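Peer 1: Whatever this is, show me its structure:
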Amino acid sequence: MNLQWKSLDEDWRDTKREVKDTLNSLYPSKWSPLKVGVSLVVWFFAITTFVTSRYYALPDPVPAYNVNRFSEARARQHIRVLSQDIGQREVGTLGEDRSIHYITAELEKLRDAPKVSHPFEISTKSGSGQHLFEIINVPIVKTYHNVTNIAVRFTCTDECASDKALLVNTHFDTMLGSNGAADAATPVAIMIDAIRMLSTATRPLRNSVVFLFNGAEETFQDASHLFMTTHPWFKDVVAVVNLEAAGVSGKSILFQSKSALMTEAYSHVSHPHGSSMANDLFKSGLLISDTDYKQFMDHGKLKGGLDMAIYQHSYLYHTKLDREDVIPAGVIQHMGANSLDIIAHIAFSANLDNVEDDGDHTYFDFNGLFFVLLPAKVATNAQILIAIAAIAYLYRTTAARTVVSGLVDVLRTIGVGAFFPIGVALSIMTTDYKMLWFAEPSFASVLYGAPAVYGLIQGHLMGKGPEPTAAELAAAEDDDEVDANKAAAAAAASDRQSIARKGYLAFTTLLMVASMALGLQTSFVFAIYVISYLAALFAPSTLFYHVAMTLPILVVQPMMIGTINTFVPLAGRMGPYIPAELIVAGIVWLATTLILLPLLPTFHALSHKAVRRWGRVFAVIGMVMWANFAATSPRYTVAAPKRMVLLHSFDMDTQTSNLHLIKGDSAPYPRDVVQGISALAGGFPVREEEAMTRAELFEAHQSLYPISELTHSLHWNTTHLDGKYWVHEDDETVVSGAKFGEAYAPRVRGIKTVTHTNGSRTITIPCEMNTHNLATVFRFDADVVASSAPMARHARSGQYLIRQSSAGHGAVAWTDAELADKETYPASACDFSFTTADATPVTIHAAAMTKYMGARNYLLRRALTHFGNNTQVFAVDAVHKSIVV
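Peer 2: Presented below is the predicted three-dimensional model:
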């Protein structure tokens, strides 16, 4: 055997050559189409996985012994007392009174602590008033009596940047039946700890800070109105930080903002989460919610503000399951740390003289890592320059016909992409399988995401050019002709891909310009697509899509996750008249399209066969998932319950009563519940599901107004059961409807009229007249020429509605012996009066919600036993009565 050994130099040269060849093969410009495709798929899933993990990431809770930082553990101690030891804190209840005492006692401890570097004042005031409130475009005049505000003021005295004050606001009352751990014991606990840290800080104050614990937000923002209109501290306030909760999980989001200074203050938070797109979403009216922020902006005319809320998993919002133990670790830490960062920055560093209503600013967080803020003018000018750059590129490189062709390609693909999920939704709406996705937002993404992708594929195939068939390739005379046919097909596909890319650029540029023209802050989203495309032009051609999709996915995907997580639970209280199925299908289609948008031109790189194969894959996935959900998945669970109301009403005028099973969503009524109540009431519902008109519902559900605008019901006539359902409070002996109604009917005899010399009349509804009930709603039609609070007619009925809430705890509370309908009541600031043009009699219909919430109604008690633990039910007794004045 003759062995020959290479010299060391030769061996080294071979090694270097191999390394060089390997590195060259790794350089993107040398990649094969297969390697490009694989790397693109891997990169796509890497980015989307990173974004998803960052979206749900929460900070670690800080232990209670760390007094230098906000501590979730310390805040939970307050939350447990308020939501567990005290529990429900509705206006007018003992829970309200205990909350006032607890919060005041905690503040006094902080005020009287030995090491206070910034002393503060405590003000506890109660009062009455009235105001026009609108939600879901439904107007109602609200009157409130003896509601309570607890306020704290840190006054800047030396080295002040301004003589203005920041207001930090939340509420301590709860919705009926809710323990209110997240909404809003959590913000209360955060504000208590913020006061502790501010009072012991060593840095000098540069601005005054007022903290408001308001006691009546759930009664339609009465206490914030009271503070603005009566408290002397409010005159110094120029901006507000409002803390809220509409869910029990996840990060707290900045969803409304005003003033560059306030938005810039948010940029200093430790864990940013929010975007100006949320501003547009909230303004759209699709979110059936409102906060005190609206009061401060619309009625307080504040120049600046931030509205922040815990918003995920809102299934438990306003239910008895809003408990401290269901709030995951890190949720409170996230909101608390951010809140303290904002308060500290404004208190110690900002100049509130610079707060101006200077337009809507563009902002978003980058996966919670940092906060991007562009003032309104800068954002507008930047987007104009981006549009010019995109148009210039298209003008210099592409014929107009080519751009139009590419634009048509994109529009066709996206349009057909919408057709399939929307078509599925419309089909589902004709069945009893609506809202199968309700229990988990990701279910909606799967159920409608697959049809959306299938639709995008079909939209692409509709415009895909011809390819040489297998028969044409087989008929070729030689290999050169076969290669020529394949090369021609590849060149044609490349041309179509280039045209589609230009169409994609034109499409996103047009969306950006249109959004700017409409004044939408969402325009920055499309600007990111355009910037990414232009940046990708400078990358190696094999990395074009890697670059073009990265920034859009990093910025847009978190927003889409948040939108889906918001609207899926919201569908459970959207009402049966709003097409929740269509809305959710549309949102999932939009999310799917926006995430895949930069990749749509890559379809042209695949053969017809490959594209059709993927289309069949997604079609099968969609059908299998729908079949699986229809057969096995529960629509509602303990953690995602259905919301219903059992309303038993008695009409004093007709001496008739009815039991209403009310739902707030578009899903079917639970059959077992309907059957159980039918057996209990002695017959099937008087009206089947779609037979009760909106006008009839409007009157039947008057005691629930304005929430009644979102409800539908089945109802049973229970007049024949009179004397068998209402019981005496003390010994539970049965009483008749007339006797119960006499005690708890809305008071109307105290309504006063004054006729003026010019023929007009002033009618006054005293607010102390109905303090014995939780709420009383008055409805009437009249030619009103003046009123003590602004008024607006209900759009469908043309009538006016006045809602008197329960008086705050400690107000005049009539005993059973004093419940007679009296003619004279003490005058109050909440007495509502209106003047009619003439002396024409006015019929006033009143409906009162009693304070017992079904506790004195055997019928409601037995009906409640038919509901499972996957339903949250509110039981309500109501009494109706009318008077002509």
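Peer 1: quick one: contacts for Ala389?
Peer 2: Leu534 (CB atoms under 8 Å, 6 or more residues apart in numbering). Just so you know, the C-beta spots here come from the backbone N, C-alpha and C atoms, and that holds for glycine as well.
Peer 1: Report the secondary structure element holding it.
Peer 2: If you go by DSSP states H and E, Ala389 is part of helix 376-397.
Peer 1: May I see the buried residues of that helix?
Peer 2: 379, 383, 386-387, 390, 393-394 (16 or more other CB atoms under 10 Å).
Peer 1: Return the item of those residues having minimum pLDDT.
Peer 2: Minimum pLDDT across the buried residues of helix 376-397 is recorded for Ala379, with 91.
Peer 1: Gln256 versus that one, what's the distance?
Peer 2: Per CB to CB, to the nearest Å, Ala379 is found 17 Å from Gln256.
Peer 1: and if you look at Thr764?
Peer 2: 37 Å.
Peer 1: What average pLDDT does whichever strand or helix holds Ser427 get?
Peer 2: Element membership of Ser427 [criterion: DSSP H and E] is helix 400-428. Helix 400-428 comes out with an average pLDDT of 93.
Peer 1: ok, now which ones touch the closest residue to Ser523 other than its chain neighbours?
Peer 2: Distances taken as CB to CB, 6 or more residues apart in numbering put Ser515 closest to Ser523, at 3.5 Å, once the chain neighbours are dropped. Neighbouring residues of Ser515 by CB under 8 Å, 6+ apart: 522-523, 525-526.
Peer 1: Ser515 should be in a strand, yeah?
Peer 2: No - judged by DSSP: H, G, I helix; E, B strand; the rest coil, Ser515 forms no part of a strand; its state is helix.
Peer 1: give the contact list for Phe172.
Peer 2: 82, 89, 99-100, 103, 150, 184-185, 188, 213-215.
Peer 1: which residues of the stretch 701-850 of the chain fall in strands?
Peer 2: 712-717, 752-755, 761-765, 775-780, 784-787, 800-805, 832-836, 843-849 (DSSP state E, counting those that start in this stretch).
Peer 1: For this structure, give the strand that spans the most residues.
Peer 2: strand 138-154 (DSSP state E).
Peer 1: now it and strand 775-780, what's the angle there?
Peer 2: Taking axes from the mean of the first three to the mean of the last three CA atoms, to 10 degrees, one finds strand 138-154 and strand 775-780 inclined to each other by 140 degrees.
Peer 1: ok, strand 138-154: who's next to it in the sheet?
Peer 2: Applying DSSP bridges, strand 138-154 is found paired with strand 121-135 (antiparallel), strand 208-214 (antiparallel), strand 800-805 (parallel).
Peer 1: quick one: the helix holding Ala389 to chain centroid distance?
Peer 2: Helix 376-397 sits 33 Å away from the centroid of its parent chain (CA atoms, centre = their mean, to the nearest Å).
Peer 1: Using CSV, write out every CA atom in it.
Peer 2: The C-alpha coordinates for helix 376-397 follow below in CSV (Å, rounded to 0.1, in the frame of the first residue of the first chain):
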residue,chain,number,x,y,z
ALA,A,376,-49.4,64.3,15.8
LYS,A,377,-47.6,66.7,13.4
VAL,A,378,-44.4,64.6,13.3
ALA,A,379,-46.4,61.5,12.5
THR,A,380,-48.4,63.2,9.8
ASN,A,381,-45.4,64.7,8.1
ALA,A,382,-43.5,61.4,8.4
GLN,A,383,-46.3,59.5,6.7
ILE,A,384,-46.6,62.1,4.0
LEU,A,385,-42.9,61.6,3.2
ILE,A,386,-43.3,57.8,3.3
ALA,A,387,-46.2,58.1,0.8
ILE,A,388,-44.1,60.3,-1.5
ALA,A,389,-41.2,57.9,-1.4
ALA,A,390,-43.5,54.9,-2.2
ILE,A,391,-45.2,56.8,-5.0
ALA,A,392,-41.9,58.0,-6.4
TYR,A,393,-40.5,54.4,-6.4
LEU,A,394,-43.6,53.1,-8.2
TYR,A,395,-43.5,55.9,-10.7
ARG,A,396,-39.9,55.4,-11.6
THR,A,397,-39.9,51.6,-11.7
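Peer 1: Can you get me a residue count around the spatially closest residue to Asp97 that is not a sequence neighbour?
Peer 2: Distances taken as CB to CB, 6+ apart put His809 closest to Asp97, at 4.0 Å, once the chain neighbours are dropped. Residues lying near His809 (other CB atoms under 10 Å) number 23.
Peer 1: His101 versus His809, what's the distance?
Peer 2: 10 Å.
Peer 1: now swap in Arg501 and tell me
Peer 2: Counting by CB to CB - Arg501 and His101 are separated by 67 Å.
Peer 1: And those two? Which one has more around it.
Peer 2: Arg501 (25 against 11).
Peer 1: quick one: contacts for that one?
Peer 2: Taking CB under 8 Å, 6+ apart as the test, what Arg501 contacts is 406, 533, 544, 601.
Peer 1: farthest pair in those residues?
Peer 2: Gly406 and Phe544 (15.1 Å; CB to CB).
Peer 1: I figured Asp653 was touching Ile883, is that so?
Peer 2: No - Asp653 is beyond contact range of Ile883, at 9.5 Å (criterion: CB atoms under 8 Å).
Peer 1: now the angle between helix 400-428 and the helix holding Ala389, please.
Peer 2: Using the same axes, to 10 degrees: helix 376-397 against helix 400-428 is 120 degrees.
Peer 1: i'd like the first residue to be 653 from this point on
Peer 2: Renumbered: residue one is now 653, and that last one reads helix 1028-1049.
Peer 1: Would you state the helices of the stretch 1203-1352 of the chain in chain order?
Peer 2: For the stretch 1203-1352 of the chain, applying DSSP state H, counting those that start in this stretch gives helices covering 1232-1248, 1260-1284, 1323-1333, 1346-1352.
Peer 1: Remind me what the first one packs against, helices and strands.
Peer 2: By that I understand helix 1232-1248. Packed against helix 1232-1248 by the contact rule (3 or more CB pairs under 8 Å, 6 or more residues apart in numbering; DSSP states H and E) you find helix 1052-1080, helix 1093-1113, helix 1196-1222.
Peer 1: Using JSON lines, lay out the ones you listed together with distance to Tyr945 and mean neighbour count.
Peer 2: Shown next, in JSON lines, are those (distance: least, CB to CB, whole Å; neighbours: other CB atoms under 10 Å):
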{"stretch": "helix 1052-1080", "distance to Tyr945": "33", "mean neighbour count": "19"}
{"stretch": "helix 1093-1113", "distance to Tyr945": "25", "mean neighbour count": "23"}
{"stretch": "helix 1196-1222", "distance to Tyr945": "17", "mean neighbour count": "22"}
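Peer 1: Which one of those lies nearest to Ile1403?
Peer 2: Closest of these to Ile1403 is helix 1196-1222, at 38.6 Å (criterion: CB to CB).
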